[in-house]
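> coords below, sequence missing:
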């Protein structure tokens, strides 16, 4: 039998383990409400998804989504400017609560984070300079290509380099941000890149890169999800319901038109697939 001292020690130990488990198991949803702040990782060098206004304020489709989430939760939004390559590390290390950073849903990424259903769907444009002779996606074969490290575009290029574009003289360079990729293309360090059509349209209207031109669409459907930490079903469920409500309330269509233009509203589902 246990004596009183042993029982007391055992009770204290078990109580400590219980409270430790409870602290570890606290959902991000509860933590956000308690802190009265939602920290969103947003890429701010990729207009119209995320950008800085002339007075240095965050704006864009993803910024608006973060603002809407915070409003729904009754908390204050905090936009955490995050390079594309640091989106998932920032989430895993708990520097942010959620990634609203145009992050393509892939099985590889889903091993590290949990995704909602798509909250945005981008068509992808081949971007090049007017002097390269590139007219279509297939014309990229044998050229100098670039993309943001860790991006879906890099994954597509790597697949082509290991497959049908192997041994064609093609070269690839990874960069830390969209801004670096645009600069490399402008300076002739690379000949072609891939970018969301909405981003290309924004750049074209800005007149910032007069030598850039579009060379058709790439064979890629870029559906992006909100990303939360694994093992947090309460916050994931809330985020999924939020995305659903944005669509049925008409807010998705409103934000798409505001930031992406008046083109057709892309579907957030694929025929025959229930996410």
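Alright, I've got the coordinates. Computed from a predicted model, the values in this text were never measured in an experiment.
> Which of the helices and strands in the chain ranks last by mean pLDDT?
Of all helical and strand segments in the chain, the minimum by mean pLDDT, DSSP states H and E falls on helix 4-24, at a mean of 47.
> can you list the weak-confidence ranges in the stretch 51-200 of the chain?
Along the stretch 51-200 of the chain, no part satisfies pLDDT under 70.
> and with 90 instead?
84-85, 102, 121-124, 150-153, 155-156, 158-160, 164, 166-168, 177-179, 195-200 (pLDDT under 90).
> does residue 253 count as helix, strand or coil?
Put simply, residue 253 is helix when judged by DSSP: H, G, I helix; E, B strand; the rest coil.
> show me what contacts the closest residue in space to it that isn't next to it in sequence?
Spatial nearest neighbour of residue 253, chain neighbours left out: residue 265 (5.5 Å); criterion: CB to CB, 6 or more residues apart in numbering. Quick note: C-beta positions are derived from backbone N, CA and C, even for glycine. Contacts for residue 265 (CB atoms under 8 Å, 6 or more residues apart in numbering) come out as 252-253, 256-257.
> Quick check on the residues you listed: which are buried?
By neighbour count, with 16 or more other CB atoms under 10 Å, the contacts of residue 265 hold 252, 256 as buried.
> Show me which pair in the contacts of residue 265 is furthest apart.
252 and 257 (9.7 Å; CB to CB).
> starting at the chain centroid, how far to stretch 102-110?
Distance of stretch 102-110 from the chain centroid (CA atoms, centre = their mean, to the nearest Å) equals 8 Å.
> mind listing what's buried in it?
Here stretch 102-110 shows 102-105, 109 as buried, counting by 16+ other CB under 10 Å.
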